[in-house]
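# Sequence plus the predicted model coming up.
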Amino acid sequence: MTSPGPASQNLPPDQVFDWLDVEAEKRAEAGLVRKLRIRQAQEAELDLAGNDYLGLARDKRVAGAAAAAALRWGAGSTGSRLVTGTTEVHAELEHELARFCGAQAALVFSSGFTANLGAVTALSGADSAIVTDKYIHASLIEGCRLSRSDIAAVAHSAPGAIKHALSTRRKPRALVVTDSVFSVDGDIAPLEELAGVCREHGASLLVDDAHGFGVLGEGGRGAVHAAGLSGAPDVVTTITLSKSLGAQGGAVLGPRRVIKHLVDTARSFIFDTALAPASAAAALAALSALKAEPELATKVTEAAGNLAMQLKAAGFRVGLPDAAVISIQAPSPDAAVAWASSCADQGVRVGCFRPPSVPDGISRLRLTARADLTEADVDRAVAVITAAAPPGATS
Ligand code: PMP
């Protein structure tokens, strides 16, 4: 007689999801319950949590372009890019993004997440090795998992470890994947060195410039452009349209044959409804604004430097930021949540990152600077963060 297996535990319909309650209880015990907070349209809050680095999300030129495109093309894109979803706005945006960054070509996706999924999976496969920095963004990690490649996630910001993994790989093709600006601590990857390592080992390099585009490099052309790699034949860049450009969507930039390959094979491009024309038009208008006011990029890094210096002077352990992201360590996940929530009560919204969203298990407040932050904003933020700080947050 065979013993009854799991299939015999036939639960009634009202109990099949009972396991979710058990999981929820475990998360509650670990202080890991996430809350959705509804943002008001006209908030008096000082926002140091969003990614609207250049302050363009509410810019009238940008929001106005979205409204006009929605009226002309409709609220949605109506289909996949390969069927009905490509409008002249998408084509123009791709042309302008490629020109601005110095890439041969660009391809717009419905988000940065789907751009990363598409690029990683299409540029790797069962005959490939992928070597990544272990702190890459979740969307890149998901792309690696879907790719069926051999994956080596090596020490953070360690070109030597990448070199070692490349030289000991068992697959002929290799792709190195990194963020340019790491989204939790805001530090930047040694892109030139990584490109050198890739070239020594016949590997291609994929850089997620989500937090570098619009902030770093000449006029905000991004970290890949700043490293002199944007037109390189072996480098592919991904960006999001939802941070510096204040819109929504993502893009891949790179050699023309890579873009052609993505159109033919990237599943998150082919089987996804295209980016809404309104979002494409908003991104295009934001790109024009950035071209007209290149100083926006410098303003955001200056504001970040100013904020970090004042936080350091107040006793917090913060480094000087490489881009727009600043993080402050909190003593525990609960302390981080309480700290962020008490800042919000005082009208200063800061990000709160804690396990499992952070790879190193360290809870933090995460602040993002914006080009339009005034000195008075910075003073107010530092005063509120200091007053709300838990014991042990300063040195
Ligand atoms: N890459 C990085 C580094 C990010 O921070 C994000 C957004 N959190 C993404 C990709 C995903 O971009 P999107 O929000 O446009 O999907």
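Okay, I see it. Not measured: the values here are computed from a predicted model.
# From now on I want contacts and neighbour counts done on CA atoms only, so please keep to that.
Fine.
# measure the residue minimising distance to the centre of the chain to residue 141 for me?
Residue closest to the average C-alpha location in the chain (C-alpha atoms, centre = their mean): residue 210, at 4.7 Å. Relative to residue 141, residue 210 is positioned 15 Å away (C-alpha to C-alpha, to the nearest Å).
# Next up, the contacts around residue 275.
For residue 275, the contact set (C-alpha atoms under 8 Å, 6 or more residues apart in numbering) comprises 76-77, 85, 108-111, 249.
# which one of these is nearest the ligand?
Here the nearest of those to the ligand, counting by C-alpha to the nearest ligand atom, is residue 111; it sits at 4.1 Å.
# Tell me how many other residues surround the closest one.
20 (other C-alpha atoms under 10 Å).
# surely it meets residue 250?
Yes - using C-alpha atoms under 8 Å, residue 111 is in contact with residue 250, at 4.2 Å.
# Give me the common contacts of the two.
Joint contacts of residue 111 and residue 250 (C-alpha under 8 Å, 6+ apart) are 240-242.
# Quick check: which of these are also close to the ligand?
Contacts with the ligand within those, counted by C-alpha under 6 Å from any ligand atom: 240, 242.
# Scan the shared contacts of residue 111 and residue 250 and report the most crowded one.
When neighbours are counted by other C-alpha under 10 Å, residue 240 leads these with 29 neighbours.
# For it, give the beta-bridge partners.
residue 250 (DSSP bridges).
# I'd say it and residue 212 touch.
No - contact criterion C-alpha under 8 Å: residue 240 and residue 212 do not qualify, at 10.0 Å.
# got TSV for the shared contacts of residue 111 and residue 250, with pLDDT too?
Converted to TSV, those look like this (pLDDT from 0 to 100):
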residue	pLDDT
240	98
241	98
242	98
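# Just name the closest of the shared contacts of residue 111 and residue 250 to residue 56, please.
residue 242 (10.1 Å; C-alpha to C-alpha).
# From what I see, the closest one and residue 280 are in contact.
No - using C-alpha under 8 Å as the test, residue 242 is too far from residue 280 to be in contact (10.6 Å).
# Please identify every residue contacting each of those two.
In contact with both residue 242 and residue 280: 248-249, using C-alpha under 8 Å, 6+ apart.
# what about the helix or strand that contains residue 289 and the ligand, any contact?
Applying DSSP states H and E as the criterion places residue 289 in helix 277-292. No - contact of helix 277-292 with the ligand (C-alpha under 6 Å from any ligand atom) is absent, the minimum separation being 11.4 Å.
# Buried ones in that helix, by neighbour count?
The neighbour-count check on helix 277-292 (16 or more other C-alpha atoms under 10 Å) flags 277-291 as buried.
# for stretch 46-57, same thing?
Using 16+ other C-alpha under 10 Å as the burial criterion, the residues of stretch 46-57 that qualify are 46-49, 51-57.
# From those residues, which land in strands?
Under the assignment DSSP state E, the buried residues of stretch 46-57 contribute 46-48 to strands.
# from the residues you listed, which is closest to the ligand?
Nearest to the ligand among these: residue 48, at 14.7 Å, using C-alpha to the nearest ligand atom.
# I figured the closest one hits residue 371, correct?
No - in this structure, residue 48 is not within contact of residue 371 by C-alpha under 8 Å, at 11.5 Å.
# Can you name the residues of this protein that neighbour the ligand?
111-113, 137, 183, 208, 210, 240, 242, 249-250.
# Considering those, which member attains the minimum pLDDT?
When these are compared by pLDDT, residue 183 scores lowest at 89.
# rewinding a little: output the contacting helices and strands for the helix holding residue 289.
Contacts defined by 3 or more C-alpha pairs under 8 Å, 6 or more residues apart in numbering; DSSP states H and E place helix 277-292 against helix 60-73, helix 88-101.
# Which one, of those, ends up nearest to residue 221?
For residue 221, the closest of the helices and strands packed on helix 277-292 is helix 88-101, at 5.4 Å, according to C-alpha to C-alpha.
# list the contacts for the closest residue to the ligand within the stretch 201-350 of the chain?
Proximity of the stretch 201-350 of the chain to the ligand (C-alpha to the nearest ligand atom) peaks at residue 240, 4.4 Å away. Residues in contact with residue 240 (C-alpha under 8 Å, 6+ apart) are 111-112, 209-210, 248-251.
# so the residue nearest to the centre of the chain touches residue 237, yeah?
No - assessed by C-alpha under 8 Å, residue 210 is found out of contact with residue 237, at 9.2 Å.
# Which stretches in the stretch 51-200 of the chain count as strands?
105-109, 128-133, 150-154, 173-179 (DSSP state E, counting those that start in this stretch).
# Next, format those as TSV and append mean neighbour count.
Formatted as TSV, the strands of the stretch 51-200 of the chain follow (neighbours: other C-alpha atoms under 10 Å):
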stretch	mean neighbour count
strand 105-109	26
strand 128-133	25
strand 150-154	19
strand 173-179	26
